[in-house]
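# starting from these lines, generate the structure:
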Amino acid sequence: ELMFHLYLSNHTEQLLEQLTECIVADPPTLFNTEFFLIQSRGIERLIVQTLAARFSVWSNSCFLYPRQFIDHLCACLLLEKSAGQFEPDALIWRIESILRHESIAAQPPLRQYLARGDRELKRYQLAYHLADLFDQYQVLRPAMIRAWNENRCQTTHAVERWQQMIWKELVRHGGSGQDRGATISRLVSALRRSAAPADGLPRRLFVFGLHTMPPLLLDALDAYALSCDVHLFLLVPTRSWVVTEQQAEELGAAPAPPTLMLLETLGRQGGDFYRLLINRIDPLTLHPPRFVEPAASGTPSLLGRLQRDLLAGVATPLGSDEEIAPDGSLQIHSCHSRVREIAVLRDAVLSWLEEDPGLGLHDIVIMAPDIDPYRPLITTLFDDIEHDIADTRSARVNPYFQGLRDFLELLTSRCSCSDVLGLLERTE
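Below is the predicted model:
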């Protein structure tokens, strides 16, 4: 029976183990491509390495970002994809041109902003931020976009009025193409109407590494699950999110919200997404969560205590006879610049390698919300330490850059006929 499967754990390793079990239970044939919906290339490498280690060899898999996945489904169902005029790169210059119109620039907030300083530069900077904002509106606020298209505002705020004016100009000069939100809405309707899977539609989809997503994309996955299996692997830091009303009745108490401040602030988005999943997907098969208790043996550490509190969802005070000595399990460094951050990080990595002979470079992962600003600094300061930088924005969002990089790699390496043909088949 086709359905939407949800797997939960506080350890990525456990989620990978469940992914492996799914493939073992229903192994693909030699000619079946396994499809994965991911958020970064780092997740792709993690999955490929795990599956290759488990099955000795792993190939014929396709890893797609959410936007690529939507385009793939549209192609399978012969639906029109979202127009390129509404992509962020194109929106920047289209909005910059619209801001030159006297009727738009005369709006009081815009007139006041553009009147001060370098008008040309400020117009471009405003267009850059509005392009990013409108790109998010298309998926996160489709109802507002529909209202704008019908010449209605959802609020009385002056900001929405001039934003609507700019959007109407974008639509008027955008040809017959549709925005991304309208494309996904049409896709959801088509998937719900489809009586049988369309040709080329993946027989199942593994969603890994996406810990939040817009409701519109979630609706697309829900509709897709009517004709194909969807397996979503979700990392949750606390079991307090997973306490259902039925479990609460058995315990004789209502599920209490987490009282740990760290979860209430940094974990709020993840908690909201989990509740959205439970309330929006029907039917949903929730597999037994696999929570891993932090090791209680050995010397108590600050990190271990924090992990236990996160898993429980409450902050437990130290006992009168309990004491945690300062250790290096959790460190906070305050640095005055990015250069200093990377320098301190380099010293820390070298110190770890020297103190622990069994530790290798492949055991160390360095993460940042946005790695691009650090890329040139890492290349310079880590020049004598083997490293690899994954998930950079330029290669992730620019297909022309990716095509050029593939071409240069072919020039300096031994390549097969399929490599050359693959490069020639690129539409860029």
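# tell me which stretches of the stretch 201-350 of the chain form strands.
Using DSSP state E, counting those that start in this stretch, the strands of the stretch 201-350 of the chain run over 204-208, 229-235, 284-286.
# same list, the ones you listed, but as TSV with mean pLDDT and mean neighbour count please.
C-betas here are computed from N, CA, C, even on glycine. TSV is the format used below for those (pLDDT from 0 to 100; neighbours: other CB atoms under 10 Å):
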stretch	mean pLDDT	mean neighbour count
strand 204-208	96	22
strand 229-235	95	21
strand 284-286	90	16
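# verify the stated contact: L423 with L410.
Yes. Counting by CB atoms under 8 Å, L423 does reach L410; the two are 6.5 Å apart.
# just so I know, which of the strands of the stretch 201-350 of the chain lies nearest V292?
Closest to V292 of the strands of the stretch 201-350 of the chain, according to CB to CB: strand 229-235, at 11.6 Å.
# by residue count, what's the longest helix in the chain?
helix 119-140 (DSSP state H).
# that one packs against which elements?
Applying 3 or more CB pairs under 8 Å, 6 or more residues apart in numbering; DSSP states H and E, we find helix 119-140 packed against helix 88-98, helix 108-114, helix 142-149, helix 158-172, helix 180-193, helix 215-224.
# how does it look with 10 Å?
With contacts defined as 3 or more CB pairs under 10 Å, 6 or more residues apart in numbering; DSSP states H and E, the packing partners of helix 119-140 are helix 66-76, helix 88-98, helix 108-114, helix 142-149, helix 158-172, helix 180-193, helix 215-224.
# weakest of the ones you listed by average pLDDT?
Here the lowest mean pLDDT among these goes to helix 108-114, at a mean of 85.
# could you say what helices and strands that one packs with?
Counting contacts by 3+ CB pairs under 10 Å, 6+ apart, helix 108-114 packs against helix 102-105, helix 119-140, helix 158-172.
# let's have those helices in CSV, adding mean neighbour count.
Formatted as CSV, the helices and strands packed on helix 108-114 follow (neighbours: other CB atoms under 10 Å):
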stretch, mean neighbour count
helix 102-105, 12
helix 119-140, 16
helix 158-172, 16
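# in CSV, list the ones you listed along with distance to S240.
Shown next, in CSV, are the helices and strands packed on helix 108-114 (distance: least, CB to CB, whole Å):
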stretch, distance to S240
helix 102-105, 49
helix 119-140, 27
helix 158-172, 37
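# compare those and give me the one nearest C228.
Taking CB to CB, helix 119-140 is the member of those nearest to C228, at 21.8 Å.
# what about that closest one, distance to the chain center?
Distance of helix 119-140 from its chain centroid, counting by CA atoms, centre = their mean, to the nearest Å, is 21 Å.
# ok and that helix relative to helix 158-172, angle-wise?
If you take axes from the mean of the first three to the mean of the last three CA atoms, to 10 degrees, helix 119-140 sits at 80 degrees to helix 158-172.
# now helix 119-140 against helix 142-149, angle please.
Interaxial angle, helix 119-140 versus helix 142-149 (the same axes, to 10 degrees): 120 degrees.
# still on that earlier bit, using CSV, lay out the helices and strands packed on helix 119-140 together with distance to Q39.
As requested, these are arranged in CSV below (distance: least, CB to CB, whole Å):
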stretch, distance to Q39
helix 66-76, 8
helix 88-98, 17
helix 108-114, 34
helix 142-149, 21
helix 158-172, 27
helix 180-193, 17
helix 215-224, 11
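# now do the contacts for N279.
By CB atoms under 10 Å, 6 or more residues apart in numbering, N279 lies in contact with nothing.
# now do it against I364, distance only.
The gap separating N279 from I364 is 39 Å, by CB to CB, to the nearest Å.
# D132 is nearest to which of the strands of the stretch 201-350 of the chain?
Per CB to CB, nearest to D132 of those: strand 204-208, 24.7 Å.
# that closest one pairs with which strands?
strand 34-37 (parallel), strand 229-235 (parallel) (DSSP bridges).
# and the next element down the chain from the shortest one?
Spelled out, it's strand 34-37. Of the helices and strands lying after strand 34-37 in sequence (DSSP states H and E), the nearest is helix 41-55.
# so what's the spatially closest residue to R192 that is not a sequence neighbour up against?
Leaving aside its sequence neighbours, R192 sits nearest to A223 (CB to CB, 6 or more residues apart in numbering; 5.0 Å). Neighbouring residues of A223 by CB under 10 Å, 6+ apart: 73, 184, 187-194, 230.
# A223 and L217, how far apart?
Remark: distance between A223 and L217 (CB to CB) = 11 Å.
# what sits in contact with each of the two?
184, 188.
# which strands and helices sit next to the host helix or strand of L353?
For L353, the element it lies in under DSSP H and E is helix 338-355. Applying 3+ CB pairs under 10 Å, 6+ apart, we find helix 338-355 packed against helix 375-381.
# residues of the helix it packs on that come out buried?
Applying a neighbour-count criterion of 16 or more other CB atoms under 10 Å, one finds 377-378, 381 buried in helix 375-381.
# show me what that helix is packed against.
Judged by 3+ CB pairs under 10 Å, 6+ apart, the packing partners of helix 375-381 are helix 338-355.
# tell me which helix or strand in the protein has the weakest average pLDDT.
helix 245-251 (a mean of 46; mean pLDDT, DSSP states H and E).
# nearest spatial neighbour of S61, chain-adjacent residues omitted?
E34 (4.6 Å).
# burial check on the one you found, number of neighbours?
20 (other CB atoms under 10 Å).
# so P66 touches M213, yeah?
Yes. With contacts counted by CB atoms under 10 Å, P66 reaches M213, the gap being 6.9 Å.
# overlap in contacts, those two.
Residues touching both P66 and M213 (CB under 10 Å, 6+ apart) are 37, 39, 139, 207, 220-221.
# in CSV: the residues you listed, plus distance to Q402.
Output for the shared contacts of P66 and M213, formatted as CSV (distance: CB to CB, whole Å):
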residue, distance to Q402
L37, 19
Q39, 17
V139, 23
V207, 23
A220, 25
L221, 26
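# perfect, I'm done here.
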